[in-house]
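Colleague: This is a predicted model, with the sequence first.
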Amino acid sequence: MQKIWLGIFGAMFLIPEILWSPVVDFYYQLSQTGKSGGTHSLRDNFLQNSDNLGYLKLVIFIEFVGLLLFIIFSIRNRKDVHIINYALIVPFIVILLLVAFALYFAMTFSINIM
């Protein structure tokens, strides 16, 4: 049963990232800010429209929750403790930190006036 939840939480991160790539596009545009000229997106999608910032926040939040729960369930699912198991978890934690920064950036520096 835990492996089913592990798959569901993994899909919560992978499906939006494959369809729209909001986090990858965020870091791609962030890397272009130092260059002259405007920033260009990696892939055009509806989340980049200024009217859809609420959807962008929702998608990045779903990715964050899915990846966080994926890491928690994968740690809980491991019975034996080996260095290899932790070496598999470390990249997911790095990705979680990158998604968390993108989520923080999207939530705090949005154009919306509430």
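Modeller: Perfect, thanks for sending it.

Colleague: In this protein, what residue spans correspond to strands?
Modeller: For the chain, strands defined by DSSP state E do not occur.

Colleague: can you list the weak-confidence ranges in it?
Modeller: 35-37, 110-114 (pLDDT under 70).

Colleague: all helices of it, in order?
Modeller: Along the chain, counting by DSSP state H, helices occupy 2-19, 22-31, 53-77, 83-108.

Colleague: just so I know, which of those lies nearest residue 46?
Modeller: Closest approach to residue 46 among those (C-beta to C-beta): helix 53-77, 7.4 Å. (Glycine included, C-beta is placed from N, CA and C.)

Colleague: Would you mark the buried spots in the closest one?
Modeller: Buried residues in helix 53-77, defined by neighbour count with 16 or more other C-beta atoms under 10 Å: 56-57, 59-60, 63-64, 66-71, 73-74.

Colleague: picking that back up, including distance to residue 44, could the helices of the chain go into a markdown table?
Modeller: Shown next, in a markdown table, are the helices of the chain (distance: least, C-beta to C-beta, whole Å):
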| stretch | distance to residue 44 |
| --- | --- |
| helix 2-19 | 13 |
| helix 22-31 | 9 |
| helix 53-77 | 14 |
| helix 83-108 | 18 |
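
Colleague: Please identify which of those is closest to residue 39.
Modeller: In terms of C-beta to C-beta, the element of the helices of the chain nearest to residue 39 is helix 22-31, at 4.6 Å.

Colleague: any idea which residue of the chain is furthest from its center?
Modeller: Computed with C-alpha atoms, centre = their mean, the residue of the chain farthest from its C-alpha average is residue 80, at 28.3 Å.

Colleague: For that one, what are phi and psi?
Modeller: phi -100, psi 150 (degrees, to the nearest 10).

Colleague: swap in residue 82?
Modeller: Dihedral pair for residue 82: phi -130, psi 160, per degrees, to the nearest 10.
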